[in-house]
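> fold the following.
(one chain, ligands or ions: 1)
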Amino acid sequence: MSDIFHPEDFIIRQYAIPPGLHTLKLSAEAPSNIALVKYWGKKAEAEQIPMNPSVSFTLSRSKTTTQASLNLKKHPEKAPHLTFYLDGEHKPSFETKIRTFLERIRPYAPFVWDYDWVWHSHNTFPHGSGIASSASGFAALAGLIMQLEEKIFGIRNNAFRRAKTSFLARLGSGSAARSVAAPAMIWGRYAGVKTATDWYAVPLPFALHPDFEDVRDTIILFEQGQKAVSSTQGHRLIHNHPFKHERIQQAHRHMDGLLEALRTGDWDTFGRITEAEALMLHALMMTSEPYYILMRPETLGFIQSLWNWRLIWEEQQHERPPVYFSLDAGANVHLLYPGHWHTRVMEWLHATVPDIMSHNAYIADSVAKE
Ligand code: DP6
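From the prediction side, this is the model:
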């Protein structure tokens, strides 16, 4: 069986819930991810199809764990009861999002509609911190649904399980498609990787260069609340964006350069493209109609300090610090660097953003190994 799947392969037309599966408890966990080449904009042709390919590092310590209790519905004709708790707190607004998700995945997982669900979810990082909780959250939900599918149909092979988990997660949140494996995932049709598809994310087709095997991501939290404009709203503004076509071409060029850098251990190119992508993401927001800004003065100040530090270090030590930033759709900064730079980066952070460091407003993460 080839490892390339089409939506048709995931459709379920017939099933019966076995007698032993009237009540059950399941648990799944999924990591978040940080995009290096960013997904920004969706195609209109189908649901949750990215305008351009993206690639991300999987964040091994920023995880969502979700437990589910399922009970076969007493009245099959009625809509399921959905109850969602985050850290013990009831979250009706999440239930609305999950209901939309369950509607989207219905052809591929119709059996979820036979149950009333109660979820208890926990993130290892603060909600709204700029870490994509929707990515790990929907990937964990997709993981639970695949577990249920395997209880009904028997164990699927690994390639199918991973692809379908990613496929389902994508229908919850695009970036969630990339939260199903480690250490790096590609999502979206892209000529450089034959298996890459819009329908689900795939692992890198090569091993990461050893210099990228121990990547750290230290996230500096300048803001920990709800964003003024959600990513879903931001994606919509790309439809009529004046830079749309150039952006698509650039993302493909950046995929070429970035994947080559990951394969050959080229931190300079990695850094140049990662930072260009972060700034382009925010440039697209600032030039949307209507325009908006999610960075804060602290974000820009921090980036300037980082660039200054790199220059001074290079002048004095004749070595360029392999320490680069990325941004998500928010004000927080991700610092990406190799593990052996950790102590120096921490010293610099303590000197540069002492308040953040003394209030522990940062998250130390590392990229997962497969
Ligand atoms: C800036 O995946 O949150 O993080 O598909 O509408 O749920 P929806 O959007 P979402 O967008 C994430 C955008 C990004 C870049 C990225 O992760 O690639």
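> and the ligand, is stretch 286-304 touching that?
No: with CB under 6 Å from any ligand atom as the criterion, the ligand is not reached by stretch 286-304; the gap is at least 9.5 Å. Placement of C-beta: from N, CA and C, glycine included.
> where is the longest strand in this structure?
The longest strand of the chain (DSSP state E) is strand 54-72.
> that strand packs against which elements?
Applying 3 or more CB pairs under 8 Å, 6 or more residues apart in numbering; DSSP states H and E, we find strand 54-72 packed against strand 23-37, strand 115-123, helix 133-153, strand 184-187, strand 215-220, helix 244-264, strand 362-366.
> what about the helix or strand just after the fourth one, distance to the chain center?
It refers to strand 184-187. Helices and strands here follow DSSP states H and E; after strand 184-187, the next one along the chain is strand 201-203. Its chain's C-alpha centre and that of strand 201-203 lie 12 Å apart, by CA atoms, centre = their mean, to the nearest Å.
> what's in contact with the helix or strand that comes right after the longest strand of the chain?
Sequence order places strand 82-86 as the next helix or strand after strand 54-72, per DSSP H and E. Residues from elsewhere that reach strand 82-86 (CB atoms under 8 Å, 6 or more residues apart in numbering): 90-92, 94-95, 98-99, 102, 116-123, 127.
> what pairs with the helix or strand just after strand 82-86, parallel or antiparallel?
Next helix or strand after strand 82-86 toward the C-terminus (DSSP H and E): strand 89-90. The strands beside strand 89-90 in its sheet (DSSP bridges) come out as strand 82-86 (antiparallel).
> re the thing from before, worst average pLDDT in the helices and strands packed on strand 54-72?
Ranked by mean pLDDT, the helices and strands packed on strand 54-72 bottom out at strand 362-366, with a mean of 86.
> in that strand, which residues are buried?
Along strand 362-366, these residues count as buried under the neighbour rule (16 or more other CB atoms under 10 Å): 362-363, 365-366.
> closest one of those to Y200?
Closest to Y200 out of the buried residues of strand 362-366 is D365 (23.9 Å), distances taken as CB to CB.
> what's the closest non-adjacent residue to the residue of the stretch 251-370 of the chain found nearest the ligand?
Residue nearest to the ligand within the stretch 251-370 of the chain: A329 (4.0 Å; CB to the nearest ligand atom). Distance criterion CB to CB, 6 or more residues apart in numbering; nearest residue to A329, sequence neighbours excluded, is S231 at 4.7 Å.
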